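J.: Structure of the sequence below:
(2 chains)
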2 protein chains.
Amino acid sequence: MSRSLNTITMRWDGRSLWLLDQRKLPGEISYIQCSDFLAVSKAISDMIVRGAPAIGAAAAFGYLLGAIEVSKTARDNVSEAMRQVEDTLASSRPTAVNLFWALDRMHKCFDKSFDASDLIRSLESEALSIAEEDISTNKRIGVLGASLLRNNMRIITHCNAGALATVDYGTALGVIRAAHEQGKKVHVFVDETRPYLQGARLTSWELMNAGISCTLITDNMAGWVMKSKGIDVVIVGADRIAANGDTANKVGSYSLAILASHHGIPFYVVAPSSTLDSKLDSGKDIPIEERSHDEITHISGVRIAPENVNCFNPAFDVVPAELITAIITEHAVNYPPYDFRTHPGH
Amino acid sequence: MSRSLNTITMRWDGRSLWLLDQRKLPGEISYIQCSDFLAVSKAISDMIVRGAPAIGAAAAFGYLLGAIEVSKTARDNVSEAMRQVEDTLASSRPTAVNLFWALDRMHKCFDKSFDASDLIRSLESEALSIAEEDISTNKRIGVLGASLLRNNMRIITHCNAGALATVDYGTALGVIRAAHEQGKKVHVFVDETRPYLQGARLTSWELMNAGISCTLITDNMAGWVMKSKGIDVVIVGADRIAANGDTANKVGSYSLAILASHHGIPFYVVAPSSTLDSKLDSGKDIPIEERSHDEITHISGVRIAPENVNCFNPAFDVVPAELITAIITEHAVNYPPYDFRTHPGH
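T.: Numbers count the residues shown, from 1 in each chain, chains lettered A, B, ... in the order given. Purely as a prediction, here's the structure:
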């Protein structure tokens, strides 16, 4: 019996990858059909799919779609054609390391199965494994992380590190989800997360759907909420974690970590070990994507700033390891000093 | 010759107060005619006019319009009718103390001139004085504050404490304006200032019009900009300053002050002495206005969050005195320990 994949974030039907168009949430639930690797690459660039683990899984299926195309057309120079597929997908977004991790797994599978008659079947199996493992990994992370949450805790989270940022279940929100499933009452203050509003559009929607109590705030309220509302923990996801624990995550995470430190509130980073980049000594070498100024000057197509205003729009920032209380992977709750050079995530 | 008032923010034509509709900036420049005190009160509540000093001046003209109405109708119970005018204007917004300060000045003028034949003329003169003094005060503040700015400094500001927040020239932006007029090159990073986007809509527009170099950022980027862009100072306005220096200002100021402190960057508060509330020992007694959730869930009428999402929308927060490097009024650059009980602002 053939394996299938069907979650809120993505579906593989054997021929196409269907991605939830996250740009349209929460107003509209619609899926985009990606029938070739270029469509997947564009879906990643355009943030139809976003979140480091979800990008990784989507890229794996993009690689698979590329291989299907190449197998039909480029008989002579398959390796070269696949390199182009891989390069295109790899250039869709620069910061989340899961993208490169997933492409690397697919590439290795390709090399191993190149001469086999069932190359495409092997690649499909590998892409499905990446997706399935992401879900089981998140559930393991959830159980590990939920041990840090007590009843009646008040949490701040930033951006969306939920089911929508992964294949399913979520990382930071997976921890909150697991605590909720264990019967712990929690309340989540959700940073709206400008400019792309992942908190307002995605996280509050996910939490409300899961029956988890939440309050939406603007990002600049986080400090005041820590002071006036008795916040117990801050929990965020990650896009890339260097060997020393420095963590790239959605812009605003750095400010949030400083605010948590000032108030003596634990700051937890939650990510699968595929987000660890053991080759980077520290966060200073993590490439930070800068995105279009339109994301700042327009909301839903409506201009909110003067014409020709100068903008700065880094999509991520880097939280230094010394501001991170613990990094939770599927293997362990890791405390400082972090060292992910040889034993990633445990 | 009769005195007149005509600035970008407001115009008094002898019969009506014309207020720039700041909700429509930067897309549209249009003025709202307020011909009675209720229109002024509503203009303050609805944030057609905003910014503590501008609110104070507008309320003074609202009081004047109320007196004109009362003088035509309520011959028997003028004092009682004026109390209603004052109460209505006083309840338009709770946090900015300049509102109450201006109403108090108008009330005292009313008491002094009650029996005079030229009551309305006296009140008009007092309202015009409040407005004119605001401009000259801001220019004095500007010169004092500009002494703290050196050539090539990089500044972060929050919300709009500019010409639009005052009768003219501005407080925090007045300092930047004065430095610019002195030939100092400065660059201003402008927090967009969610939820009402005063930074994106008003401050960047003002700075661009003044030829002052600026970059618009989202609020959550401020920490990363401090770290990666070499920020030298943070300069903000104020809505109410307690005797000990605790300062209520636009929500996000508290977070920004913590971030500045973490990076060793001076955090300056700039305000006229009319913003000092010497009766309040500390910031904990400053009333913090909470505004409609629609400000968070909608932008320009477009919904950006799920239906029925719970929100928290404090319009202000309080920066504790210990995070403030100096408080600049028209009288002096005040350094800690602050004590505004007996000598307001100098």
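
J.: show me the contacts for the residue lying closest to A:Gly199 once chain neighbours are set aside.
T.: Once flanking residues are discounted, A:Gly199 sits nearest to A:Thr193: 3.8 Å by Cβ to Cβ, 6 or more residues apart in numbering or on different chains. Every C-beta, even on glycine, is put in place using the N, C-alpha and C of the backbone. The contact partners of A:Thr193, taken as Cβ atoms under 8 Å, 6 or more residues apart in numbering or on different chains, are A:158-160, A:199-200, A:203, A:219, A:250, A:252, B:220.

J.: does A:Ala257 sit in a helix, a strand or a coil?
T.: Following DSSP: H, G, I helix; E, B strand; the rest coil, we place A:Ala257 in the helix state.

J.: ok, the residue in chain A sticking out farthest from the centre to chain B distance?
T.: Relative to the C-alpha centroid of chain A, counting by Cα atoms, centre = their mean, A:Asp76 is the outermost residue, at 36.6 Å. Taking Cβ to the nearest Cβ, to the nearest Å as the criterion, A:Asp76 is separated from chain B by 48 Å.

J.: Could you do A:Ile288 as well?
T.: In terms of Cβ to the nearest Cβ, A:Ile288 sits 9 Å off from chain B.

J.: Am I right that that residue is in a helix?
T.: No: A:Ile288 is assigned coil when assessed by three-state DSSP, not a helix.

J.: re earlier: what's the closest of the contacts of A:Thr193 to B:Glu86?
T.: A:Asp219 (37.7 Å; Cβ to Cβ).

J.: Can you tell me the number of residues neighbouring A:Lys284?
T.: When neighbours are defined as other Cβ atoms under 10 Å in any protein chain shown, A:Lys284 has 11 of them.

J.: How about the contacts made by it?
T.: Here A:Lys284 is in contact with A:246, A:318 (Cβ under 8 Å, 6+ apart).

J.: circling back to that earlier point, OK, contacts around the residue farthest from the centre of chain A?
T.: Contacts of A:Asp76 by Cβ under 8 Å, 6+ apart: none found.

J.: if we can go back for a sec, and of the contacts of A:Thr193, the nearest to B:Asp239?
T.: Nearest to B:Asp239 among the contacts of A:Thr193: A:Asp219, at 20.3 Å, using Cβ to Cβ.

J.: Find the nearest non-adjacent residue to that closest one, please.
T.: Closest to A:Asp219 by Cβ to Cβ, 6+ apart is B:Asn220, at 3.9 Å.

J.: rewinding a little: export the contacts of A:Thr193 to CSV and append columns for distance to A:Lys72 and secondary structure.
T.: Shown next, in CSV, are the contacts of A:Thr193 (distance: Cβ to Cβ, whole Å; DSSP: H, G, I helix; E, B strand; the rest coil):
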residue, distance to A:Lys72, secondary structure
A:His158, 43, coil
A:Cys159, 39, coil
A:Asn160, 37, coil
A:Gly199, 42, helix
A:Ala200, 43, helix
A:Thr203, 41, helix
A:Asp219, 47, helix
A:Lys250, 39, strand
A:Gly252, 44, coil
B:Asn220, 46, helix
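
J.: which of the residues you listed count as buried?
T.: Neighbour-count burial (16 or more other Cβ atoms under 10 Å in any protein chain shown) is assigned, among these, to A:158-160, A:199-200, A:203, A:219, A:250, A:252, B:220.

J.: hang on, the earlier thing: next, give phi and psi for the residue farthest from the centre of chain A.
T.: Dihedral pair for A:Asp76: phi -80, psi -40, per degrees, to the nearest 10.

J.: Assign a three-state SS to A:Leu173, would you?
T.: helix.

J.: residues in contact with it?
T.: Shown in contact with A:Leu173 (Cβ under 8 Å, 6+ apart): A:157, A:160-163, A:165, A:203, A:206-207.

J.: For chain B, see how far away it is.
T.: 15 Å.

J.: Let me see the contact set for the residue of the stretch 1-150 of chain A found nearest chain B.
T.: Nearest to chain B in the stretch 1-150 of chain A, going by Cβ to the nearest Cβ, is A:Pro26, at a distance of 4.4 Å. Residues in contact with A:Pro26 (Cβ under 8 Å, 6+ apart) are A:201-202, A:204-205, B:305-306.

J.: repeat that with 6 Å
T.: Contacts for A:Pro26 (Cβ atoms under 6 Å, 6 or more residues apart in numbering or on different chains) come out as A:201, A:205, B:306.

J.: Same list, those, but as TSV with neighbour count and secondary structure please.
T.: Below are the contacts of A:Pro26 laid out as TSV (neighbours: other Cβ atoms under 10 Å in any protein chain shown; DSSP: H, G, I helix; E, B strand; the rest coil):
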residue	neighbour count	secondary structure
A:Arg201	24	helix
A:Trp205	24	helix
B:Pro306	20	coil
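
J.: and which of those residues is nearest B:Val270?
T.: A:Arg201 (35.8 Å).

J.: Show me which parts of stretch A:99-115 are buried, residue by residue.
T.: Those would be A:99-103, A:105-107, A:109-110, A:113, for stretch A:99-115 by 16+ other Cβ under 10 Å.

J.: which stretches of the stretch 151-300 of chain A have low pLDDT?
T.: For the stretch 151-300 of chain A, not a single residue meets the criterion pLDDT under 70.

J.: which bits of it sit near chain B?
T.: Applying Cβ under 6 Å from any Cβ of the partner chain, we find that the stretch 151-300 of chain A lies next to chain B at A:194-195, A:197, A:200, A:204-205, A:208, A:215-221, A:223-224, A:251-252, A:254-255, A:258-259, A:262, A:299-300.

J.: Selection in ChimeraX covering whichever of the residues you listed are buried, please.
T.: Burial among those is assessed by 16+ other Cβ under 10 Å; the matching ChimeraX selection reads:
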select /A:194,195,197,200,204,205,208,215,216,217,218,219,220,221,223,224,251,252,254,255,258,259,262,299
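
J.: coming back round to it: now intersect the contacts of A:Leu173 with the helices, please.
T.: Members of the contacts of A:Leu173 lying in helices (criterion: DSSP state H): A:206-207.

J.: Rebuild the contacts of A:Leu173 as a markdown table, extending it with distance to B:Val233.
T.: Converted to a markdown table, the contacts of A:Leu173 look like this (distance: Cβ to Cβ, whole Å):
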| residue | distance to B:Val233 |
| --- | --- |
| A:Thr157 | 31 |
| A:Asn160 | 34 |
| A:Ala161 | 34 |
| A:Gly162 | 38 |
| A:Ala163 | 43 |
| A:Ala165 | 37 |
| A:Thr203 | 34 |
| A:Glu206 | 40 |
| A:Leu207 | 38 |
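
J.: Adding pLDDT, distance to B:Asp294 and secondary structure, write the buried residues of stretch A:99-115 out as JSON lines.
T.: JSON lines is the format used below for the buried residues of stretch A:99-115 (pLDDT from 0 to 100; distance: Cβ to Cβ, whole Å; DSSP: H, G, I helix; E, B strand; the rest coil):
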{"residue": "A:Leu99", "pLDDT": "97", "distance to B:Asp294": "38", "secondary structure": "helix"}
{"residue": "A:Phe100", "pLDDT": "97", "distance to B:Asp294": "42", "secondary structure": "helix"}
{"residue": "A:Trp101", "pLDDT": "97", "distance to B:Asp294": "42", "secondary structure": "helix"}
{"residue": "A:Ala102", "pLDDT": "98", "distance to B:Asp294": "41", "secondary structure": "helix"}
{"residue": "A:Leu103", "pLDDT": "98", "distance to B:Asp294": "44", "secondary structure": "helix"}
{"residue": "A:Arg105", "pLDDT": "98", "distance to B:Asp294": "46", "secondary structure": "helix"}
{"residue": "A:Met106", "pLDDT": "98", "distance to B:Asp294": "46", "secondary structure": "helix"}
{"residue": "A:His107", "pLDDT": "97", "distance to B:Asp294": "50", "secondary structure": "helix"}
{"residue": "A:Cys109", "pLDDT": "97", "distance to B:Asp294": "51", "secondary structure": "helix"}
{"residue": "A:Phe110", "pLDDT": "96", "distance to B:Asp294": "52", "secondary structure": "helix"}
{"residue": "A:Ser113", "pLDDT": "89", "distance to B:Asp294": "56", "secondary structure": "helix"}
